[in-house]
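Engineer: missing the sequence, but the structure's below:
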C-alpha cells in the first residue's frame, strides 16, 4: 500500500512538472519582442478623437517611434485593424486606405473605405497641401527616436461614420497589425488613456481631445525573418588571420528552395537579375558569398599606441536591391566608456544598464554617408574609433578588443565563435599545443591498453 502511494505521488509530481513546462512554453511568444539593449522601445499608436460628427467622429492617428535605434524605412509602414461594429471611413487626410471595399449600399456620398478590416498607408512626399496634416506624407518612413527625434512620428486624420458619437458609445477598433513593410511587429489591444492636451501657439490656452486611446506595438526579429540579415567579421594588426563571417550565417548557396537568391558580381547577367520583372524590390538579391548575408560589419583592430588604441569599422552592403537610408549600427564593447574620438560617424551613448556605458549607437552624417548604397563599388561606409586605454581593464588577450554584440538597423548580427578570434602572437599557439597534447595523450592511452591487453 505504501509502495502504491509513493508511485502515485511520483506520477502526480511528474504530471505537474509537465504542465508547468507546457505553460512556460506558451509564454515564450510574449517575451520574443524583448530587446535587452532597448527594453522600453516600442511604437505607440495614439488615436485622438478631436471632434464629434452626426454619425461618428474625427480622429488624428499618430504613430510615435519610441525605439532608440530601429526605424521604418521605405517603402514604409502599413497599418491595419478591424472595426468593432459597422463603421466606415468617410474621408482621410495625410493617409489613404489601400482598398475602398464594397460601398454599393451608399447613395450620394460614397465613403473613402467600407471594409471591415481597412489597411492604411502614408501619402508620398509632394502631396498637395490641402490633403496634408502635420507629420504626414513621408512615404511611411519613420526615423528612430535617438537618431532623429524630429522625424520619429507619422500621422493621418480619419473621419469615421456609423460609429458612436459619445465617449460611452464609441467602440474601440481591434486586431491591430503593423507591417514595415514585412512582419515583425506585434500590437496589443487598444486601451483608453487620459485625453491628450494641446497648447495654443501663444502657450496661454489648453484644449484637449474628446477621447484618446493607445495601441502599443513591439518588434521581434524572430517574427520579422526566419534568417539573420547581417554578420560580423574580425581582424587585427597583431595577427594575419582574418576571421570571416560564419559560413551560412544568413543562408547557404545553391539552396534548393531558392537557387536564384544570389548572383556572382562578375556574371554578365547581373544587370538583368537585379531588374528582372516579377521580383519584389523588398526581397534581397545578395552577392554570392560563404555567409550569404545582405550586410557584413567588419571590425579591425588597427593600431596600438601608448595610451590609446584605434579600431576601423566597415559596413558592406551585399544586397543588389536595397539602398539603406538612415542606417544605424549598435555596438557593445566595454571600452566605449573611454571613446575619445570618432571619424565620419555620429555617436550616441546607450545605457541599457545603469552605471555601465558599454553600448554605442553609430550612424552616418547627413548628406555625407547616411546612405548605404546597394552592392557594388559604392556599397560600403567606414569609420575609425579612437579609444583611451583603461589600465585596469585594457588587454588584447582572449579577444577583449572585439565587440560583444553588433546590431544593424535593429537586427542582431551573427558573430564568429569566440575560439576563432585572432590571438596574440605569444598566445596563438596555445590552442594548437593544447589540442596536440590531448591527441598525444589519447594515442598513448590506446597504445598502453593495447600493449597490456
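Structural biologist: That came through fine. Treat the numbers as computed from the prediction; the structure is a model and nothing was measured.
Engineer: Surely residue 73 is in contact with residue 139?
Structural biologist: No. Counting by Cβ atoms under 8 Å, residue 73 does not reach residue 139; the two are 9.6 Å apart. Placement of C-beta: from N, CA and C, glycine included.
Engineer: Looking at the two, which one has more neighbours?
Structural biologist: Neighbours were counted for residue 73 and for residue 139 using other Cβ atoms under 10 Å; residue 73 has more, 20 against 17.
Engineer: Give the full set of residues in contact with the more buried one.
Structural biologist: Residues counted as contacts of residue 73 (Cβ atoms under 8 Å, 6 or more residues apart in numbering) are 141, 324-326, 409.
Engineer: what does residue 155 give?
Structural biologist: By Cβ under 8 Å, 6+ apart, the contact set of residue 155 is 60-63, 94, 133-136.
Engineer: and it, helix, strand or coil?
Structural biologist: Here residue 155 is recorded as strand under DSSP: H, G, I helix; E, B strand; the rest coil.
Engineer: Same check on residue 376?
Structural biologist: Per three-state DSSP, residue 376 ends up coil.
Engineer: how about it, what does it touch?
Structural biologist: Residues near residue 376 by Cβ under 8 Å, 6+ apart: residue 320.
Engineer: so where's the stretch 301-450 of the chain uncertain?
Structural biologist: Low-confidence segments of the stretch 301-450 of the chain (pLDDT under 70): 352-355, 427-450.
Engineer: mind listing the helices for it?
Structural biologist: 430-451 (DSSP state H, counting those that start in this stretch).
Engineer: Please apply the same query to the stretch 51-200 of the chain.
Structural biologist: Taking DSSP H, counting those that start in this stretch, the stretch 51-200 of the chain contains no helices at all.
Engineer: on that earlier part again, sort out which of the contacts of residue 73 are in strands and list them.
Structural biologist: 324-325 (DSSP state E).
Engineer: contacting residues for residue 347?
Structural biologist: Per Cβ under 8 Å, 6+ apart, neighbours of residue 347: 339, 360-362.
Engineer: just curious, which of those residues is nearest to residue 387?
Structural biologist: Nearest to residue 387 among the contacts of residue 347, counting by Cβ to Cβ, is residue 339 at 5.9 Å.
Engineer: list the contacts for the residue lying closest to the closest one once chain neighbours are set aside?
Structural biologist: Closest residue to residue 339 apart from its sequence neighbours, by Cβ to Cβ, 6 or more residues apart in numbering: residue 387 at 5.9 Å. Contact partners of residue 387, counting by Cβ under 8 Å, 6+ apart, are 308-311, 335-336, 338-340.
Engineer: Weed out the non-buried ones from the residues you listed.
Structural biologist: Among these, those that count as buried by neighbour count (16 or more other Cβ atoms under 10 Å) are 309-311, 335-336, 338-339.
Engineer: Name the nearest of those residues relative to residue 81.
Structural biologist: Closest to residue 81 out of the buried ones among the contacts of residue 387 is residue 336 (40.9 Å), distances taken as Cβ to Cβ.
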